[in-house]
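Trainee: what would the 3D arrangement of this be:
(chains A and B)
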Amino acid sequence: MVKPAAESFAAKSPAARSLSGGGRGGAGASQRRPAFLYATLRDLLRRKIASHELPAGLVMKEAQLAGQLGVSRAPVRRALALLADEGLIRQAGGQGYVVGTAAPLRMPLRQLHRILTEQPEEIDRSATWERIYEDVREEITAAMPFGSWRIQEEALGRHYHVSRTVAREVLWRLLDRRLVIKDSKSHWIVGQMTARDLRETLEMRLLLEPAALAQVQPGLDPDWLDQAGARLARVMDAFPAVDPVALDDLDQLMFQQIFGGLRNSRLLASIRRNQISLVVPHLFRQHFPLVDDLAALQDYALILRHLRHDEPGTAQALLAAHLTRIGPLTLARLRVLSQLPPPLLAPWLMPET
Amino acid sequence: MTEPVLRVIGTPATLIPALTARAQQDLPFRIVFEALDGLDCQRRVVMSPGSFDVCDQWFHALDLFWTAASIQPVETARITRWPEVTVAGTPIGARPSSPRSGSWPGDLLFVQPGRSLGPRPLGERPQIAMLPTTYNVDSFAITPELAASLAPDEAQSWAWLLDGRWHGRTALAADPAASVVELALAARAAGLVAIQDPGDLTIEEIDALFAVLMPLRRAGHFTRFWATSDDAVRLMMAPGSGGPMISAMWSPACYTLRGQGRRLHYAAPAEGYRGWHSGLCLSAAASGAVLDMAYAYLNWWLDGMPGAIMARQGYYISVPGPLRETLTPQEWAYWYDGQTAATDLPGSDGTVVVHKGERREGGSYQARVARVAVWSTIMPEHNYLVRRWRQFMGD
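Mentor: Numbering: from 1, shown residues only, chains lettered A, B, ... in the order given. A predicted model of the protein is given here:
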């Protein structure tokens, strides 16, 4: 059974930022600082030790781990020191660290590499870029309804105290989700979100997602479906007294996580390029009442129930009906957003004329 | 306990002194009126529904208010004259005879299941999102100087707004919901931009339109952009020659200027008018005694006197029946029937604005409404359009 990847939109997103003119309604937003790289590495190693994938006695060397994980040595050194403090590993006199108390044991590099990188999103040499990715994405999407903007790569790096390479890596990932584009002069551009963009994106979702749902259904974990259903039910019970972030999370659950097990990586990539259709409700909820969102939650609950009961055909039809229904609402919300004063611009964004 | 007060916001087009004074006189509670220019008023409704109880606004902005959940439904059961209400003279639920472009006010009138808005009533006593009140058809005013410079038999056209003959002496309204529609009609009529539907411009059409407008603006073709009718009056009354010879204009400004002796001619363009409809909506936050007062205010609007006050500045009202008692037969004949004025007629402030023998351009209200080419609208590509409009205004 495939568990959908645990990627969550709002859990990672920084606190919802109000636009300069302020908005209506208290847009409470949860905040979780992205982990520092050393902490991500420590967690990864700790998990692998607990599951005995990294067996007792295994010798772990700083340079080797850094090489396998594609990160620099400093965070690896810190992660190892912390694990030693916890007593999970011990120092082996200049020979690195040994797991547990067993006699030293060496592992072929290829095997070590496989264990450490089998779920790339767990570590992915990422944390450097990941640390700023969500923040950059939030800034960009907040500016999208108000105009076209050019991103200054160097200023972006300076602003976040990261190298230009890291800044570029963030931008490439945003490009992958079609949140930024590169123009003919190779400038990074945040294009103004138009009604046409939204319409076309929603059309693509209608073509792709019901088909993808049928593909992914047999592999969906019933426990995961039950948990997702229970989460939805809790939000629906509390509605409308809910954190807007909880609604963003549920949108992402039905847009990202549910398709995480798709075998067809092209299909998955195509779906994920339609992220902008979720930007409008996300921004709207920071400023306005959630009243029209209950219907979407009801759609989601029905879809999950039919997936759980092995009725993919019905789930597909419901998803298609949902995507058709939210079209006019999303477009109307974009028009409302255009009434707000434009947000204060990040120093690395400049108007594109 | 403090005395409850009804807070009404709107634009200076309808919240004129004659109307606010009369409301205060007729209704048994205190009313605080606040007139804002159109865009400020819309922003206020969207952003702070707690700051007003009743809003007097245009139907084309209704979808913003409703989507932002700033307003609550109006119960037609509480509107005494509901059975008499029309939308721009068309009975409720009927479709207008003329082809439509832009936002036909009837399309978003009724509250539908699932909190959407639609053209069909739900049940015997349906809920509506906005109570239709005044409406009119707009074009532009020209000075006698311009009229004298026209070729014989030259047809009146929106294209005149872009005509080089009046370079530097052309004025426009600042609200894009009206101005962009007018400029789209103008550019199409002048053969400068191919436009399919002036009420729903595509990104390419918007770009093409501004590609024409920006150089004109830079070259000084447009003198000024006015935000309210009063602005338009001041602009046209500016001392000395060299003021606008042609200006997009609302009828109150035109009649005020005529009352002050300017012999302006209001155009009936060959391409048709731009229509608009306004109405009253209730803040989502209004309740209890204030809500009762709000309904009393809504009902008062349809009772005849406000319709007469609006008529004297050229506006029509959704319930014309009671006007037979509040307008003189001569007034009705000029303002609504499009007949020649049998006597001098006063404007809303008592000044004579129509002289005996004059006739309203375009004819009767039915004839004028039938010639609407586009209804004012917030187009689907509004956020893109607004950005281009700001560049244009601020360039």
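Trainee: next, count neighbours for the closest residue to A:R285 other than its chain neighbours.
Mentor: In this structure, A:R285 finds its nearest non-sequential neighbour in A:P244, 3.7 Å apart by Cβ to Cβ, 6 or more residues apart in numbering or on different chains. The C-beta positions use only the backbone N, C-alpha and C, and glycine is treated the same way. Using other Cβ atoms under 10 Å in any protein chain shown, A:P244 has 24 other residues around it.
Trainee: from what I see, A:P244 and A:L283 are in contact.
Mentor: No. Under the criterion of Cβ atoms under 8 Å, A:P244 lies out of contact with A:L283, with a separation of 10.0 Å.
Trainee: buried set for stretch B:89-107?
Mentor: By 16 or more other Cβ atoms under 10 Å in any protein chain shown, the buried positions in stretch B:89-107 come out as B:G89, B:T90, B:I92, B:P96, B:R100, B:S101, B:G102, B:S103, B:W104, B:P105, B:G106, B:D107.
Trainee: in strands, which of the residues you listed appear?
Mentor: If you go by DSSP state E, these have B:T90 in strands.
Trainee: what's the closest residue to A:R164 other than its chain neighbours in contact with, if anything?
Mentor: Leaving aside its chain neighbours, A:R164 sits nearest to A:G157 (4.7 Å; criterion: Cβ to Cβ, 6+ apart). By Cβ atoms under 8 Å, 6 or more residues apart in numbering or on different chains, the contact set of A:G157 is A:S163, A:R164, A:V166, A:A167.
Trainee: just the ones of the residues you listed in helices?
Mentor: A:R164, A:V166, A:A167 (DSSP state H).
Trainee: between the contacts of A:G157, which is closest to chain B?
Mentor: When those are ranked by distance to chain B (Cβ to the nearest Cβ), A:A167 comes first, at 26.6 Å.
Trainee: and the buried residues of stretch B:89-107, which two are the farthest apart?
Mentor: Checked with Cβ to Cβ, these reach their widest spread between B:I92 and B:S101, with 21.4 Å between them.
Trainee: for the chain, longest helix please?
Mentor: By default, I'm working from chain A. helix A:312-337.
Trainee: that was the other one, I meant chain B.
Mentor: helix B:203-218.
Trainee: so how far is that helix from its chain's centroid?
Mentor: 25 Å (Cα atoms, centre = their mean, to the nearest Å).
Trainee: what helices or strands is the next helix or strand after it leaning on?
Mentor: As assigned by DSSP states H and E, the chain's next helix or strand after helix B:203-218 is strand B:222-226. If contacts are counted by 3 or more Cβ pairs under 8 Å, 6 or more residues apart in numbering or on different chains; DSSP states H and E, strand B:222-226 sits against strand B:170-173, helix B:229-237.
Trainee: could you check which residue of the stretch 251-353 of chain A lies nearest chain B?
Mentor: A:S338 (3.5 Å).
Trainee: identify the residues contacting that residue.
Mentor: Contacts of A:S338 by Cβ under 8 Å, 6+ apart are A:P145, A:F146, B:H382, B:N383, B:V386.
Trainee: against chain B, how distant is the second one?
Mentor: Summarising the geometry, the distance separating A:F146 from chain B, computed by Cβ to the nearest Cβ, to the nearest Å, is 7 Å.
Trainee: could you give the number of residues near the nearest residue to that residue once chain neighbours are set aside?
Mentor: Excluding its sequence neighbours, the residue lying closest to A:F146 (Cβ to Cβ, 6+ apart) is A:P342, at 4.0 Å. Using other Cβ under 10 Å, A:P342 has 17 neighbouring residues.
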